[in-house]
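[1] Make a model of this:
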Amino acid sequence: MLPKEGVFIYKKFLGLILLFLLIVPIKVCAVGHPDFQEIILPKHSFTKLLEDYSESELKQEYKLVKRKAFGWSIKQFNDDVKAKFVGNTIFAKANNTDQELSFIYTFEEENFVESSVSVQGDLGIDISGKVKVVSGGLNGKIRKEIGSKNQHTTIETLRTTLIIPPHRKLTVITKGEAYINSGVACYYFLGIRFKKGAWEYIDVISEYYDYYETAI
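    All right, here's what the predicted structure looks like:
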């Protein structure tokens, strides 16, 4: 048995761990969403991405899907969870010289898409350019449940002067905020379940370019 001083230190240590967990946002890799390097979930959140759900957890979600005679029935477990994201690297250049490097850089991003979709089980994805939706006529039903998001094709142009100090590397990545909506779906015929699967939409609501330097 620990002495009183040891018990006090042990409780203080546990308290510091709990405080750290509450303060630091949870960072997870956006597996199944290649447009994102990382999804940063809000603190105090029990939200998980679809890829982090176990088979037993999804099995419990399937049990909660309302049975119907015909067609798809869905059940949502992540509802407009606001999170931050780190997107793909759009520019990276190193200066291995002893002189400052200065140049004008123009970046043009075509087919800018504000939504990413991931599925599991019997669900599939239809792709038109970079626009992805859940196939089998299910996308409309899901969008009716979670709300329509701004998903369109456009062209983003960035023209700026970049300066890279000697022996430094400049990297430009996209960052922003997004809503996460996830759930499961079952397809019924005569009240019998024929298909089942899980779906997840990450809808971008804001985006910006982040510049940072590292030593080389």
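
[2] Packing partners of the longest strand along the chain?
    What stands out as the longest strand in the chain, according to DSSP state E, is strand 70-95. Contacts defined by 3 or more Cβ pairs under 8 Å, 6 or more residues apart in numbering; DSSP states H and E place strand 70-95 against strand 36-41, helix 55-63, strand 101-110, helix 138-146, strand 155-164, strand 168-189, strand 192-215. Yep, even glycine has a C-beta here, placed from its N, CA and C like the rest.

[3] residues of the longest one that come out buried?
    Going by neighbour count (16 or more other Cβ atoms under 10 Å), the buried part of strand 192-215 is 196-204, 209.

[4] so which of these comes closest to V81?
    Nearest to V81 out of the buried residues of strand 192-215 is I202 (Cβ to Cβ; 9.8 Å).

[5] That closest one contacts F36, doesn't it?
    Yes - between I202 and F36 a contact is recorded at 6.9 Å, counting by Cβ atoms under 8 Å.

[6] For D98, which residues are in contact?
    166-167 (Cβ atoms under 8 Å, 6 or more residues apart in numbering).

[7] Would you mind giving the secondary structure of it?
    Following DSSP: H, G, I helix; E, B strand; the rest coil, D98 is assigned to coil.

[8] Find out how far stretch 39-53 is from the centre of the chain, if you would.
    How far stretch 39-53 lies from its chain's middle: 9 Å, per Cα atoms, centre = their mean, to the nearest Å.

[9] Quick check: E38 touching A83?
    No - taking contacts as Cβ under 8 Å, E38 lies outside contact range of A83: 10.0 Å.

[10] Which one of these two is surrounded by more residues?
    Counted by other Cβ atoms under 10 Å, E38 and A83 do not tie: A83 has more neighbours, with 23 against 13.

[11] how near is that one to Y105?
    29 Å (Cβ to Cβ, to the nearest Å).

[12] picking up where we left off before, how far does the longest strand of the chain sit from the chain's center?
    Put simply, strand 70-95 sits 3 Å off its chain's centre (Cα atoms, centre = their mean).

[13] Strand partners (parallel or antiparallel) of it?
    Strand 70-95 has the following strand partners under DSSP bridges: strand 36-41 (antiparallel), strand 168-189 (antiparallel).

[14] Specify the stretch among these that is closest to A92.
    Here strand 168-189 is closest among the strands paired with strand 70-95 (Cβ to Cβ), at 4.6 Å.

[15] in the closest one, what counts as buried?
    Neighbour-count burial for strand 168-189 flags 168-170, 172-176, 178-188 (criterion: 16+ other Cβ under 10 Å).

[16] Quick check: beta-bridge partners of Y208?
    K175.

[17] any weak-confidence spans in this structure?
    By pLDDT under 70, the weakly predicted segments of the chain are 1-32, 109-113, 128-130, 149-156.

[18] if we go to 50?
    2, 4, 6-31, 111 (pLDDT under 50).

[19] Just give me the residue closest to the centre of it.
    The residue lying closest to the centre of the chain (Cα atoms, centre = their mean) is I39, at 4.5 Å.
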